[in-house]
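Visitor: Sequence and predicted structure, then a few things I'm wondering about:
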Amino acid sequence: MDEQAATVVQFPHPGAEHNPRADDVPWNVDAHRRKFLRCPGRYVDADNELHDAEVVFWGEWEAPSRVERRWPACGQLPRALHWPHWIRPTADGFRQNTDPWVFGDHMFYSNCKQIVGPDRLRTSMQDLPIGSFLCFGSTIDHEFCLDTVFVVASSQPWTPAEIDDLDVDDAFAVCTAASIIAGGTDAHARFALYRGASIGNPVHGTYSFVPALPAGENGPRFARPAIRLPRLVLRLS
């Protein structure tokens, strides 16, 4: 697999913002959405120096969260700032899973668009070579707006039923693997679990990241950046 040419994937996913009425946000049982999040992380500044700090960024987090701040509507800027947390659900029933997973020591891409149809046929998204770039983003005002760059460092086959055999933390096991099953997918459906390259363990000098800012005292907000790369990233209607 390492000898294959790396692939660039423009990966569109739903871009509407979670903007709940209540500040305590439960598990998402509706369509996928994005949240503007604050949590501990690491960021690289303009001088290419690495810092540990709380950061704010756009991401997918379908587990519970707490709204810490709200802003009035202003263009594509976020309207709510969420602090992510999770619990083990006490009730059965549908809930959304979180993918890509941008938390912890490694990012993961685990299931979205990897199988299709009632027969759960595998797609080419299970065969990405090492070093491939996945540009996750959403169509906003006819522009492709980025929230995650995922660089493939490794992959392994997996099923949600076998999650206890994998080197992942409890948060991923509950918020993604168990939620795939809760969402109605066969627990034995086969997927590829991709680990993302990190700044400490890059692939050919590249690593996974999310556009982010230090959280600071004022809770800065920003719109997702529009990406214009002719012949690589397409404008979408």
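Guide: Arrived safely.
Visitor: what's downstream of the helix or strand harbouring Val149, the next helix or strand?
Guide: Val149 belongs to strand 143-158 when elements are defined using DSSP states H and E. Going down the chain from strand 143-158, the next helix or strand is helix 170-172, by DSSP H and E.
Visitor: From the chain's centroid, how far away is that following helix?
Guide: Counting by C-alpha atoms, centre = their mean, to the nearest Å, helix 170-172 is centred 14 Å from the centre of its parent chain.
Visitor: which strands and helices sit next to that helix?
Guide: Packed against helix 170-172, as judged by 3 or more C-beta pairs under 8 Å, 6 or more residues apart in numbering; DSSP states H and E, are no other helices or strands. C-beta coordinates here come from the backbone N, C-alpha and C atoms, glycine included.
Visitor: model confidence over stretch 214-233, on average?
Guide: Throughout stretch 214-233, pLDDT has a mean value of 83.
Visitor: quick one: contacts of it?
Guide: For stretch 214-233, the surrounding residues in contact (C-beta atoms under 8 Å, 6 or more residues apart in numbering) are 8, 10, 15, 36, 38, 43, 51, 53-56, 58, 68-69, 71, 75-78, 81, 135, 137-138, 140, 143-147, 211, 213, 235.
Visitor: switch the cut-off to 6 Å
Guide: By C-beta atoms under 6 Å, 6 or more residues apart in numbering, the surrounding residues in contact with stretch 214-233 are 8, 10, 38, 53-56, 58, 69, 76-78, 81, 143-147, 211, 213.
Visitor: Sort out which of these are buried, if you could.
Guide: The neighbour count (16 or more other C-beta atoms under 10 Å) marks 10, 38, 55-56, 58, 69, 78, 81, 143-147, 211 as buried among the contacts of stretch 214-233.
Visitor: Look up how far Phe144 lies from His18.
Guide: 20 Å (C-beta to C-beta, to the nearest Å).
Visitor: right, and the secondary structure at the closest residue to Val210 other than its chain neighbours would be what?
Guide: Excluding the flanking residues, the one nearest Val210 by C-beta to C-beta, 6 or more residues apart in numbering is Phe57, at 4.6 Å. With DSSP: H, G, I helix; E, B strand; the rest coil as the basis, the three-state label of Phe57 is strand.
Visitor: And for Phe57, the neighbour number?
Guide: Applying other C-beta atoms under 10 Å, we find 22 residues neighbouring Phe57.
Visitor: Look up how far Phe209 lies from it.
Guide: From Phe57 to Phe209 the distance is 9 Å (C-beta to C-beta).
Visitor: cool, and Pro89?
Guide: 30 Å.
Visitor: Tell me which of these two has more neighbours.
Guide: Between Pro89 and Phe209, Phe209 has the larger neighbour count (other C-beta under 10 Å), namely 21 against 17.
Visitor: per-residue pLDDT, the one residue sitting closest to the centre of the chain?
Guide: In the chain, the residue lying closest to the centroid (C-alpha atoms, centre = their mean) is Pro100, at 3.0 Å. We note a pLDDT of 98 for Pro100 in this prediction.
Visitor: In this structure it contacts Ser110, no?
Guide: No - counting by C-beta atoms under 6 Å, Pro100 does not reach Ser110; the two are 7.8 Å apart.
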